[in-house]
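**Student:** need a structure here:
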Amino acid sequence: MFDYETLKVLWWLLISIILIGFVITDGFDMGVGALVPIIGKSDDERRMMINSIAPHWEGNQVWLVTAGAGIFAAWPSVYATAFSGFYAAMIITLMALFFRPVGFDYRSKIEDPRWRTSWDWGIFIGSVVPPIVFGVAFGNILQGVPFVLDDLLRSSYQGGFFGLLNPFALLVGVFSLILFVLQGASWLQMKTEGELYERARAVSMICAPIAIVLFALAGVWIAYGIDGYVITSIGDLNGIANPLLKTAAVQPGAWLNNYSEYPITMLAPALGFLFPVLVWISSKADKGGLAFLFTSLMQVAVLMTFAVSTFPFILPSNIDPSMSFTVWDAVSSEKTLNIMSIVVAIFLPIILLYTTFGYVKMFGRVGKEFMAKYKHSAY
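**Tutor:** Numbers count the residues shown, from 1 in each chain. Below is the predicted model:
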C-alpha cells in the first residue's frame, strides 16, 4: 500500500488527528463540566449546562479511548513506556473520570440540594483533573522523560510521580485547563440563554487573554529554558524500527529547529495567538458560534505547535537521548501499519459522519422552555 517511511509519517499524522478530535470534543464537554458549580447559580442553570452536553459527552469519550488504542497499535513501545512511567497520573485521571458518568446520571435522581451540589463538585473534579494531567504529561515530554532501554528494547522508567510535577509541566497543565474551560464557555454561548449565557460570555472574555499569556510564557520557556532534542545519525528510514540504531543529542533551542527549516510551520504558533483574540472579539460581539469555532481552531493550532516542535521525537529520553522514541523507530511493523491504515480508511469516515449527524440533530439552545418540556427526561 505505502512504503514503510511514508506509513510512519502517516501514522504520526493520524494520531495527531485523533488527539485533535479528543481535545475539540472532550475539550468543550470537560470545559462545561468544570464550569457547572462555578457559573451555574441555580439548579435549573446547572441542569441546562449539563443537558447542553448530554447528547454528546459519552460519544466524545470515544476519542480518548481511540487515542489510547491508536498509540498502543501504532507506537507500542511508546504506549508501554508512557503508560507505565505515568501510571500514577493515569490512575488519578481514571479515578477523576469516574465522577462524570455517575454524576451526570445520578445528580438529579434525588431532589436534595446537598446531594445535587455534591455531584456537581464531583463533575467539576472529573472535568478539571484530566486536562491538567494531560497538560502536565505534554510538559514533561518537552523536557524529556527519564527512561532507558536494555538490549532487548525493554524500557525501564527511572523517575517518580512527584518529579512530573515540575514548574514547566504545571504551567502547561494550567494552560491546558484554561483551553478546555475557554472552549466550554464558548460552547455555552451557543447553547444557553439569559444570565447563564452572559456569565459564559464573560468567562470566554477572561480566559482568552489568559490563554495568550500562558501560551507566550510557555513558548519563551521552551526557547530559552528547555533544551530540545536532535537526531545526529540514523539508518535507513525504510528499515527495521529499532531505537538503538540511531544517535541523538540534546541542544539548546532545538525544539525550534523545524520552524527555521520549514518556515510555513510558523503558522501553527501564530494561529495559536490569533485565535484567542478572535474568540474575545466574537464573544464581545455576541457571536457564540464563531467563538466556539475559534476555540476549536485554537486547540488545533496549539496541538500542532507541539507536534511540529517535537517532530520526529515522540517520547524523548532525558537519560540517554539516543534511546528516545521517534516517528522512525517506535512504530509497529510495516504490515501492521498497512492493515491499520485500511481499517482507518473504512471506519474513520463512518465515525465522522454519524458524529456530525448527532451534532446537527441536537443543534439548538437549552433554555427554560427546553427544560420545562423535558423536565422528567432531561438530566
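**Student:** which parts of the stretch 201-350 of the chain are strands?
**Tutor:** Remark: strands assigned in the stretch 201-350 of the chain by DSSP state E, counting those that start in this stretch are 227-233, 247-252, 313-315, 325-326.
**Student:** would you list the strands that the third one pairs with, along with their directions?
**Tutor:** By that I understand strand 313-315. Partner strands and pairing direction for strand 313-315 (DSSP bridges) are strand 325-326 (antiparallel).
**Student:** run through who's touching the partner strand.
**Tutor:** 75, 77-78, 81, 231, 243, 246, 248, 312-317 (CB atoms under 8 Å, 6 or more residues apart in numbering). (Glycine included, C-beta is placed from N, CA and C.)
**Student:** report the two of these separated the most.
**Tutor:** Greatest spacing in the contacts of strand 325-326, by CB to CB: Thr81 and Ile231 (18.4 Å).
**Student:** near Pro276, how many other residues are there?
**Tutor:** Burial measure for Pro276: 26 neighbouring residues, criterion other CB atoms under 10 Å.
**Student:** my read: it touches Ser186, true?
**Tutor:** No - Pro276 lies out of contact with Ser186 (CB atoms under 8 Å); the separation is 10.6 Å.
**Student:** return every residue with contacts to both of the two.
**Tutor:** The contact sets of Pro276 and Ser186 overlap at Phe294, Thr295 (CB under 8 Å, 6+ apart).
**Student:** where do the helices of the stretch 151-300 of the chain begin and end?
**Tutor:** For the stretch 151-300 of the chain, the helices defined by DSSP state H, counting those that start in this stretch occupy 167-191, 194-225, 257-261, 267-284, 288-310.
**Student:** before we move on, the earlier item: who has more neighbours out of Thr81 and Ile231?
**Tutor:** Legend: neighbour count by other CB under 10 Å for Thr81 and Ile231, higher for Thr81 (25 against 17).
**Student:** for that one, which residues are in contact?
**Tutor:** With CB under 8 Å, 6+ apart, Thr81 has these contacts: Val145, Phe147, Ser155, Tyr157, Leu315, Phe325.
**Student:** rewinding a little: Throw the helices of the stretch 151-300 of the chain into TSV and include distance to Ile15 and mean pLDDT, thanks.
**Tutor:** Supplementary listing: the helices of the stretch 151-300 of the chain in TSV, determined by distance: least, CB to CB, whole Å; pLDDT from 0 to 100:
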stretch	distance to Ile15	mean pLDDT
helix 167-191	18	95
helix 194-225	21	95
helix 257-261	17	93
helix 267-284	16	96
helix 288-310	9	95
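**Student:** of those helices, flag the one that's most buried.
**Tutor:** helix 167-191 (a mean of 25; mean count of other CB atoms under 10 Å).
**Student:** for PyMOL, write a command that selects the buried ones of the contacts of Thr81.
**Tutor:** A single PyMOL command selects the buried members of these (16 or more other CB atoms under 10 Å):
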select buried, resi 145+147+155+157+315+325
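**Student:** state the phi and psi torsions of Lys287.
**Tutor:** Main-chain torsions, Lys287, degrees, to the nearest 10: phi -110, psi 80.
**Student:** tell me, what's the model's pLDDT at it?
**Tutor:** Note on Lys287: pLDDT of 92.
**Student:** then Gly21?
**Tutor:** 88.
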